[in-house]
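Chemist: from the sequence below, what's the structure:
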Amino acid sequence: VADVQPRGGLKGHPAGVIMADDGGDPARAQAIVRQMVEKDKVVAFFYPYVIGTLVPVLPYLEEKGIPVLGQMGAESYADTSTVVFQPFLNPLKGTAWGFLLSMSQQTEKKKVGIVWCREVVACKVVRDGMKSYVPYNGLDVVYDAQVTLAQPDYTAEVLRAQQAGVEILAILADNATVNRVAQSAHRENFRPV
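Modeler: So this is what the prediction gives:
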């Protein structure tokens, strides 16, 4: 807004940002989106950082023709929606390759562990993609675990990954889960890439 407004806004229209927190509740997300579209007259949604609440509002946004510019890549339905414009890699193939290419170029380590969430379809899609492309450049998936985003601790998974000889740990989940997995790993003195 600070950049666009002094240059005349968006095609002469004032630019503004409205932010809201749906608390991860799909019903609340629908109410917020309706208010933003119908009362606040928003013309687009920019990078909604959500898991589980974008998909429930997409049919409404598609009906109204309101675009979503970017999204965190955790909802596979969003990859095929006519109103979602994703500048990033999609989970169907691109994100899986993004993980594998990064791993193969940024470290000499080869034994991969994948920890993936059960709540979001894209977690499984990326995991399946990664597993279908290995072996790639010597990478080998030696550990694979499905978890839930609601777990307060991941010590059991971390210990099993350590026992399997994991050198690189890919965590397909939200940031809070990534942090909890890392905390569990550090408590066990397990420090994979």
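Chemist: tell me where this structure has helices.
Modeler: 26-38, 54-64, 76-80, 94-106, 121-133, 155-163, 175-187 (DSSP state H).
Chemist: what's the first one packed up against?
Modeler: Read it as helix 26-38. Secondary-structure packing of helix 26-38 (3 or more Cβ pairs under 8 Å, 6 or more residues apart in numbering; DSSP states H and E): helix 54-64. Every C-beta, even on glycine, is put in place using the N, C-alpha and C of the backbone.
Chemist: which residues sit against the helix it packs on?
Modeler: Residues from elsewhere that reach helix 54-64 (Cβ atoms under 8 Å, 6 or more residues apart in numbering): 26, 29-30, 33-34, 37, 45, 48, 67-68, 71, 75, 77-78, 81-84.
Chemist: stretch 23-43: which residues count as buried?
Modeler: 29-30, 32-33, 36-37, 42 (16 or more other Cβ atoms under 10 Å).
Chemist: pLDDT at residue 54, what is it?
Modeler: Here, the pLDDT recorded for residue 54 equals 85.
Chemist: sorry, wrong one. I was asking about residue 90.
Modeler: For residue 90, pLDDT reads 56.
Chemist: may I ask which helix or strand of the chain has the lowest mean pLDDT?
Modeler: The helix or strand of the chain with the poorest confidence is helix 76-80; it has a mean of 68 (mean pLDDT, DSSP states H and E).
Chemist: of the helices of the chain, flag the one that's most buried.
Modeler: The highest mean neighbour count among the helices of the chain, using mean count of other Cβ atoms under 10 Å, belongs to helix 121-133: a mean of 19.
Chemist: please report phi then psi for residue 154.
Modeler: phi -130, psi 30 (degrees, to the nearest 10).
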